[in-house]
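J.: A predicted structure for the sequence below; I have some questions about it.
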2 protein chains.
Amino acid sequence: MAAALTPAGMGEDALVRRLLGLLPQNGPGVVVGPGDDCAVVSVPGACRLQLLKTDSVVEGVHYLSGEKMRRVGWKALCRAISDVAAMGGIPEHALVSIAVPSRMEWMRLRELYAGIAKAADAYQVSVVGGETVHTSGPLVCSIFLTGSVDAAHCLRRSGGMPGDLLFVTGRLGGSLASGWHLDFKPRLQEGRWLARSGHVRAMMDISDGLASDLPRLAKASGCGAELHLDSVPRHRGRSLLQACCDGEDFELLMAVVPEDADMLLNSWQDTFPKLPLTQVGRLMPKRAGLRPAGLFKMHGYDHFQ
Amino acid sequence: MAAALTPAGMGEDALVRRLLGLLPQNGPGVVVGPGDDCAVVSVPGACRLQLLKTDSVVEGVHYLSGEKMRRVGWKALCRAISDVAAMGGIPEHALVSIAVPSRMEWMRLRELYAGIAKAADAYQVSVVGGETVHTSGPLVCSIFLTGSVDAAHCLRRSGGMPGDLLFVTGRLGGSLASGWHLDFKPRLQEGRWLARSGHVRAMMDISDGLASDLPRLAKASGCGAELHLDSVPRHRGRSLLQACCDGEDFELLMAVVPEDADMLLNSWQDTFPKLPLTQVGRLMPKRAGLRPAGLFKMHGYDHFQ
């Protein structure tokens, strides 16, 4: 199959899996390697686990060339913070690496940094270094973020069990069209609260849409899953398809211990009265596969390769 | 001055300084912020300080498009390892973030990762994660590396004092022309040995050439400096100008306590008999400036702005 010879013809999951398979990653201190929202490592003597994350935004891919650079900077750092939130952690230190097009105006680059600074201030991240390099192509802004999490409250994608109820925070769909993807607030406080609740067994953030991300959580947990299409919480005016497939929502998806669900919902409503927490499905035994099959097939998830 | 309006018209030091000035970086645990070879942070409970570094290679800037990708991968990780070496530390965990041109062949991307893997194996780095994004421009490969160092043996650029003797490891010049920049071995063992010797007060790696990097060490240490042109160790067939200005040497430059120099040199020769360690100058009081002035002026270092 000719398409498989070039990365552009491969799904990102498959590509990253094949590439990372080439690299040594089982050294001392590695608790969680590639494949989760963050890598997790243990630091000798430290009381907490360390989270490591890298995430990039590319001009023309993650934002349009004419976009306000302050919003792009906000998004760049908040994407990585969202992954730390999804593990139940808190962000700590960041490095910023930017490949700058030669034609770029100083003021726009300055605005990009101002956006990063705003997010760093908002979520108490110290930006301790970085670099700029020149490129003849579009701008690439890579964020490297460290964080930390109690070992007892570190939520992976892989902790779910058949029967667990699947919940999402907030509402989904239309993020790119509405501009939400440039202004969203990572669910940091919520992620930490959920991790500490003791009622959640697996969690991740929704960056590519439920139709892509739910299979990832199910697969990591060794489960099948069913999505209840009628229950998917949507932003006003968005279709079900948009809610499942648009992506860039940066809400949290989690697997909840079934008998704890009522208790979790009650405390949630007390703590975060303005943000919905909605059951959208449940994990199943692996042999049940993914349902509705049509939706997931559309996204290439008809089998667990 | 029109050139100052676009980043392309600014020196990288000035650009990074202005940009990083916009960002919060004095949070808890920050020991060394931007401006040294690595950032240094303290981790609660941990016995050692943590080093954080990001470094990118860009197609057409740090390597030619037709280059063997395995060598490019080696270089990408080894550049960051060299910065950890310059602080006296050891590398630990890496993340790899790659913006991939859509037209790139899978095999070349695979070779890039194979080169990263080879370097990771050689220097015992665990690659714990990463991501690929697509770009319409040239390839950008960003490495994020953590490391650690004893607090007592962490060497910064800023520790030098007037009168300290300046030494460099190895030989300089012609790195790009000879291909050394793609195959070099970061001075990891040497950096650690130097840091633990107790005879070195400041250190950095030479990535942009002595004419650019020596002023950085002098400035960080609040000193002037004189370079003894006759003493600069050069690769065979390279001119003095090449040795001072070519860059990409990835040797170590350090400030040595004057009365310890003989002792250091003797133990060095016993430990690393094949690698020269050469005195190339000394730090001076700040008011003495940089000598020979002509050489440094050429690189924009006529004053300490």
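T.: Alright, I've got the coordinates.
J.: And for the residue in the stretch 201-305 of chain A that chain B sits nearest to, the neighbour number?
T.: Using CB to the nearest CB, the closest approach of the stretch 201-305 of chain A to chain B is made by residue A:207 at 10.9 Å. (Glycine included, C-beta is placed from N, CA and C.) A count of neighbours around residue A:207, defined by other CB atoms under 10 Å in any protein chain shown, yields 20.
J.: So it sits against residue A:249, correct?
T.: Yes - Residue A:207 is within contact range of residue A:249, at 7.4 Å (criterion: CB atoms under 8 Å).
J.: which parts of the stretch 101-250 of chain A sit against chain B?
T.: A:101-107, A:109-110, A:113-114, A:116-117, A:120-121, A:124-138, A:140, A:142, A:144, A:146 (CB under 8 Å from any CB of the partner chain).
J.: Can you tell me which of these end up in helices?
T.: A:106, A:107, A:109, A:110, A:113, A:114, A:116, A:117, A:120, A:121 (DSSP state H).
J.: element containing the nearest residue to the last one once chain neighbours are set aside?
T.: Okay, so that is residue A:121. What sits nearest to residue A:121 in space, not counting adjacent residues and going by CB to CB, 6 or more residues apart in numbering or on different chains, is residue B:24, at 5.6 Å. Using DSSP states H and E, residue B:24 falls within no helix or strand.
J.: Once you drop chain neighbours, what's closest to the residue in the stretch 1-150 of chain A positioned nearest to chain B?
T.: Across the stretch 1-150 of chain A, no residue is closer to chain B than residue A:137, which sits at 1.2 Å (CB to the nearest CB). Leaving aside its sequence neighbours, residue A:137 sits nearest to residue B:137 (CB to CB, 6+ apart; 1.2 Å).
J.: what sits against that neighbour?
T.: Listed by CB atoms under 8 Å, 6 or more residues apart in numbering or on different chains, the contact set of residue B:137 reads A:101, A:135, A:136, A:137, A:138, A:140, B:99, B:101.
J.: Which pair of the residues you listed spans the longest distance?
T.: A:101 and B:101 (14.8 Å; CB to CB).
J.: The worst-scoring helix or strand of chain A on mean pLDDT versus helix B:106-122: what angle between them?
T.: One helix or strand of chain A scores below all others by mean pLDDT, DSSP states H and E: helix A:12-20, with a mean of 77. Helix A:12-20 runs at 50 degrees relative to helix B:106-122, counting by axes from the mean of the first three to the mean of the last three CA atoms, to 10 degrees.
J.: Helix A:12-20 close to chain B?
T.: Yes - using CB under 8 Å from any CB, a contact is recorded between helix A:12-20 and chain B, made by A:12, A:15, A:16, A:18, A:19, A:20.
J.: Neighbour-wise, give me the winner out of those.
T.: That'd be residue A:19 among the residues of helix A:12-20 next to chain B, by other CB under 10 Å, with 27 neighbours.
J.: what sits against it?
T.: Residues near residue A:19 by CB under 8 Å, 6+ apart: B:109, B:110, B:113, B:130, B:132.
J.: Quick check: it vs residue B:53, distance?
T.: Per CB to CB, to the nearest Å, residue A:19 is found 21 Å from residue B:53.
J.: now the least confident helix or strand of chain A, how far from the centre of its chain.
T.: Chain-centre distance of helix A:12-20: 17 Å, with CA atoms, centre = their mean, to the nearest Å.
J.: what residue ranges in chain A score low on pLDDT?
T.: For chain A, applying pLDDT under 70 flags the ranges A:1-11, A:300-305.
J.: mind redoing it with 50?
T.: Along chain A, the model assigns pLDDT under 50 to residues A:1-5, A:302-305.
J.: all strands in chain A, in order from the N-terminus.
T.: With DSSP state E, the ranges of strands along chain A come out as A:30-32, A:39-41, A:49-58, A:90-101, A:126-135, A:140-149, A:165-169, A:200-206, A:224-227, A:251-256, A:277-284, A:290-291.
J.: same for the first one, what does it pack against?
T.: Spelled out, it's strand A:30-32. strand A:39-41, strand B:126-135 (3 or more CB pairs under 8 Å, 6 or more residues apart in numbering or on different chains; DSSP states H and E).
J.: same thing but 7 Å
T.: strand A:39-41 (3 or more CB pairs under 7 Å, 6 or more residues apart in numbering or on different chains; DSSP states H and E).
J.: Which strands border the strand it packs on, and is each parallel or antiparallel?
T.: Each strand paired with strand A:39-41, and its direction, by DSSP bridges: strand A:30-32 (antiparallel), strand A:49-58 (antiparallel).
J.: Check the offset of that strand from the chain's centre.
T.: Here strand A:39-41 is found 15 Å from its chain centre; the criterion is CA atoms, centre = their mean.
J.: Stretch A:109-127 too?
T.: Worked out by CA atoms, centre = their mean, stretch A:109-127 lies 19 Å from the chain centre.
J.: buried set for it?
T.: In terms of neighbour count (16 or more other CB atoms under 10 Å in any protein chain shown), stretch A:109-127 has its buried residues at A:109-120, A:123, A:125-127.
J.: Which pair of those spans the longest distance?
T.: Every pair of these checked by CB to CB; the farthest is A:109 and A:123, at 22.1 Å.
J.: so where do the helices sit in the stretch 151-300 of chain A?
T.: Using DSSP state H, counting those that start in this stretch, the helices of the stretch 151-300 of chain A run over A:175-178, A:180-183, A:188-197, A:210-220, A:240-245, A:261-271, A:293-298.
J.: Out of these, which is the most enclosed?
T.: helix A:210-220 (a mean of 23; mean count of other CB atoms under 10 Å in any protein chain shown).
J.: Now tell me what touches that helix from outside.
T.: Residues outside helix A:210-220 that contact it (CB atoms under 7 Å, 6 or more residues apart in numbering or on different chains) are A:35, A:157-158, A:160, A:172, A:202, A:204, A:206-207, A:224-225, A:227, A:232, A:244-245, A:253, A:255, A:283, A:290, A:295-296, A:298-299, A:301, A:304.
J.: could you redo the last one with a cut-off of 8 Å?
T.: Contacts of helix A:210-220 (CB under 8 Å, 6+ apart): A:13, A:35-36, A:156-158, A:160, A:166, A:168, A:172, A:202, A:204-207, A:224-225, A:227, A:232, A:243-245, A:247, A:253, A:255, A:280-281, A:283, A:290, A:295-296, A:298-299, A:301, A:304.
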